[in-house]
Each structure stands twice: as C-alpha cells, then as structure tokens.
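Peer 1: Predicted coordinates and the sequence they were generated for:
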2 protein chains.
Amino acid sequence: MTYAAAAALQESSTVIGYKTYLDLIPEFLQGKEILSSQMMKEVDRCKKALEQAETGKTIALVSGGDPGIYAMAGLVFQMAQKSGFSCNIRIIPGLAAVNSCAARLGAPLMHDFAAVSLSDLLTPMELILKRVEAAAAADFVTAIYNPRSKKRTEQIVRAREIFLKYRKPENVVGIVTNATRENETIVITTLDRMLEQEIGMQSTVIIGNSQTYRWNDIIVTPRGYSEKYSL
Amino acid sequence: MTYAAAAALQESSTVIGYKTYLDLIPEFLQGKEILSSQMMKEVDRCKKALEQAETGKTIALVSGGDPGIYAMAGLVFQMAQKSGFSCNIRIIPGLAAVNSCAARLGAPLMHDFAAVSLSDLLTPMELILKRVEAAAAADFVTAIYNPRSKKRTEQIVRAREIFLKYRKPENVVGIVTNATRENETIVITTLDRMLEQEIGMQSTVIIGNSQTYRWNDIIVTPRGYSEKYSL
C-alpha cells in the first residue's frame, strides 16, 4: 500500500472493490460507503464505479497489485469511453506481481525482462507461445503470469519446452505463490525441475536469464553481461 | 512510498542513499544517522551499507523507483556474496518506472510487455538490439529504459527503425519524463513521429502493442486480442 493510494481512499466517499481485497484494508474504509461483492464481476464493478462517479461522488475503485499492470485500469478507460463518461479518472500505481515476487526472490529483475500471461481466455494461444519463444530466444528474464489453473495445465508445459530450446536445463527459475500473504511459498528451482513444484492460479514464475544464479536462498541476475564494475 | 518502506526506514538507525533521493523524504529521516553523498557511487554506497550492517546496525539503503527493477538490489547481493556478508538483507519493493509511467499514460500495460534498457555500458549493443527486435516482432508493449543520453543518441534511432519493420508508423508511443516530479512531461505520439519529441536520461518510452490506442490524453492497451467481454 502506498501513501498515494491511502490518500486517494481518504479523499473518496465511496469505495468499490472485490471483497477479498477490501477485507485486507479495513483501517482505510472507516466512514466510507462500501460497495463490495463477492459476486460482482470486474465489468460490473467498473460500471458501478463510473455510474457512481457521474453522480458527483469521489469513488475509489480498489484493485489488487498494480491496477496498471494486467489489471483494472484499462477496463475502466474502455468502459468510460464507451459510455461517454466525462469525469476525471486517476490511476494510482501499486506493486504488481513483478515487483513483489522479484523482491521475495532476491534480485531477478536487474536486467531486461518480459512479462507474459499464459491465460488464453482473451489471447490466442499461438500469440502467447510466440511471445514465450521471443522472450526465451532473446534471453529476457521472463515473468510468467497465470501459469496454470485447474483447467489450463498444458500451457506451462509447452512454455518450458520452448525455453529448453534456447536455455540450459539448469537455468534458474523462481516460483512465488501467494506473495506477501500468510500462505506465501517461495521456491527456487531450475527449468529442468520446475514442473515438480506446485504451480497454481496464485503463482508467478520468474525464469532467469542465462546469467541468473542462485546464492543461498535467493536468485540474482547480474546487471552486466560485460562486468565493468570492480566489486 | 509504501508503508512497508516507511516502516523499514523507521526500524533503521542509519540511512544511506543518493542525496537527490534522500532530499525527497526529509520527514522519514529525523533522528537517523544519514550517510548520503552526491559523490559516493553506487558501489561505494552498497559497500558502506554492508560494512555498517556488519557492525550490528540496522541500515536502510534507499533507492529510487523499485530497488528490484534495474536497480540496487542485485549489486547489494553480489557484493554481500563477495565479501562473505552474513547479516539479513530484505528487499522492499517500490514503484518502478514501468509502474509510475504506465499510470501517468493511462493503461498501456494491460497486456504482455517487455522492458529493455538501451544503455550499452554493461550490455553488448548486439544483445540489446536482439531484444528490441524480439519485443517488436512478438507484439509486446515495450518499455524502453535509458532511451537516450547526451553521449548515447543513436540507440533510440535504431530501436525505432527495428520497430518500424514490424509495426505500423501510427503505432502508439508514450513518453514520460521526470515521472511524478515537478517538471514531469507526458507526451503521446506515434512511432513515426516519436523522434521529434524530447527524450533524455529521465525519460521512459512506452511503445504500445499493435492494439494500443489513444483516447483523449491517455493510451489504452485492450486486455484481449479476442474481445470476449461485453462492455
């Protein structure tokens, strides 16, 4: 939680969000009108936020992570445009999985990186695998979002196969599940062995680049390919 | 600034950081021993932090942005490893340029993205351009870090040429300079015209994917390539 997000909540009269997230921040909700629901879907929440803002209220629409990274910000703008919404919309950035999971793993994102979601709900599988291949071949550190769900189990298997075309089996991999929550788990493994680990809906998989190494219980991607600093 | 970062500062007895950054947070430094210097370079600051921690003090090493994204975290671990440092190191994530610049531009990072630094100080130019090409060809939204400095002016020209091999001239581009500072500038332009804009050391350039569009003074990358939601 940033001070800017807290200030935005403070300034708002009405807070809208997914109940699971609002339950994490009771101290910021005192005296506010709360519109939360387990059942209200993303599109409904956005619609409600826009409708309420049109009445003159200041609304805070709460998102997990960073609303600007694979999250609610785009939907809000798309719906505002469609409905001819004319109020002011401000995006308050937050900590995305790339930020929080990287911090829990050590320092994997010291060099160029890519983020790829394996969810094919809204994106053709062909394009997803093209991106996985591009990231693997160009030696990007790669953060895999939505690596596996109960129904969608094959994507991570194929992504790993693609990586193994370009990277060594011992290429370092970090898996963070439920980052910063009570049931957080952190695993450091290799491309070779990553599928032996539990990977689910709440996991982010960070595949290091060819230079990433393990030290004790963390992983580090060196900043340079041609190390010019004397440490 | 997150609450977790504020708490870490609170718990520390000594704060080390680049003077320009420490000057932004005087309210967090009261009663602390401060080791800042315009002159002390990154390696020196890390060394000082590790040395001071070895004496038993709790040290906060302050970094701009997110210490885990192209920043100080890796150097700290590399130097700790080299010197046989045995104290506890905790990385507190923060808002990187990808978070803050995306928020200022609207919602460009709603889909897969890559971050590439054009600085060839520690990375061969060949590898940088290979990554630019991979990101362009696989239709990643692409955040360009260190796009141009006084001495290094050709890289952004070449990066744009590579993008134009795969993308339309009207592909949306956002440029944020000095994000969230007093002298912040935000420009929305196209691949075609981006070099007419001022781009410098403090700029981050975000090149949208083929679906990214401009709406009023913001840019939005739709979440899906096959739009399944009814808005």
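Peer 2: Received it, and whenever you're ready, just let me know what you need.
Peer 1: switch to C-alpha atoms for all contacts and neighbour counts from now on
Peer 2: Will do.
Peer 1: At which residues are the strands of chain A located?
Peer 2: Secondary structure of chain A (DSSP state E): strands at A:14-17, A:33-36, A:59-62, A:106-107, A:113-117, A:141-145, A:172-177, A:185-190, A:203-207, A:213-215, A:218-220.
Peer 1: give the contact list for the residue lying closest to A:Ala136 once chain neighbours are set aside.
Peer 2: Closest residue to A:Ala136 apart from its sequence neighbours, by C-alpha to C-alpha, 6 or more residues apart in numbering or on different chains: A:Phe163 at 5.2 Å. Residues in contact with A:Phe163 (C-alpha atoms under 8 Å, 6 or more residues apart in numbering or on different chains) are A:132-133, A:136-137, A:191.
Peer 1: Tell me the confidence at A:Phe163?
Peer 2: As predicted, A:Phe163 sits at a pLDDT of 98.
Peer 1: before we move on, what about the one 5 residues further on?
Peer 2: For A:Lys168, the pLDDT comes out at 98.
Peer 1: next one: A:Glu42
Peer 2: 87.
Peer 1: Show me where chain A has its helices.
Peer 2: A:3-11, A:19-22, A:42-54, A:72-83, A:97-105, A:125-137, A:154-166 (DSSP state H).
Peer 1: Tabulate the ones you listed (TSV), appending distance to B:Gln211.
Peer 2: What follows is the helices of chain A, written out as TSV (distance: least, C-alpha to C-alpha, whole Å):
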stretch	distance to B:Gln211
helix A:3-11	29
helix A:19-22	30
helix A:42-54	20
helix A:72-83	12
helix A:97-105	23
helix A:125-137	13
helix A:154-166	23
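Peer 1: Looking at these, which one is packed in the most?
Peer 2: helix A:97-105 (a mean of 25; mean count of other C-alpha atoms under 10 Å in any protein chain shown).
Peer 1: returning to what we had before: against A:Met201, how distant is the residue nearest to A:Ala136?
Peer 2: Going from A:Phe163 to A:Met201 by C-alpha to C-alpha, to the nearest Å gives 21 Å.
Peer 1: Same question for A:Thr189.
Peer 2: 19 Å.
Peer 1: do A:Ile219 as well
Peer 2: 23 Å.
Peer 1: More neighbours: which of the two?
Peer 2: In terms of neighbours (other C-alpha atoms under 10 Å in any protein chain shown), A:Ile219 is the more surrounded of A:Ile219 and A:Met201; the figures are 25 against 14.
Peer 1: A:Ser36 against A:Tyr18, yeah?
Peer 2: Yes: if you go by C-alpha atoms under 8 Å, A:Ser36 and A:Tyr18 touch, sitting 5.7 Å apart.
Peer 1: show me the contacts for A:Leu35.
Peer 2: By C-alpha under 8 Å, 6+ apart, A:Leu35 lies in contact with A:14-17.
Peer 1: Show me what it is bridged to.
Peer 2: Beta bridges link A:Leu35 to A:Ile16, judged by DSSP bridges.
Peer 1: mind checking how far it is from A:Ser86?
Peer 2: 22 Å.
Peer 1: Around A:Gln38, how many other residues sit close by?
Peer 2: A:Gln38 has 9 nearby residues by other C-alpha under 10 Å.
Peer 1: With adjacent residues omitted, what lies nearest to it?
Peer 2: In space, A:Gln38 is closest to A:Lys19, 5.6 Å off (C-alpha to C-alpha, 6+ apart).
Peer 1: quick one: the one you found from A:Ser36, how far?
Peer 2: Separation of A:Lys19 from A:Ser36 (C-alpha to C-alpha): 5 Å.
Peer 1: wouldn't A:Arg148 be in contact with A:Ile199 here?
Peer 2: Yes: counting by C-alpha under 8 Å, A:Ile199 is a contact partner of A:Arg148 at 6.4 Å.
Peer 1: Those two - which one has more neighbours?
Peer 2: Using other C-alpha under 10 Å, the more surrounded residue of A:Arg148 and A:Ile199 is A:Arg148, with 23 against 20.
Peer 1: Can you give me the pLDDT of the more buried one?
Peer 2: For A:Arg148, the predicted pLDDT is 96.
Peer 1: Contact partners for it?
Peer 2: Contacts for A:Arg148 were tallied using C-alpha under 8 Å, 6+ apart; they are A:118, A:154-156, A:199-201.
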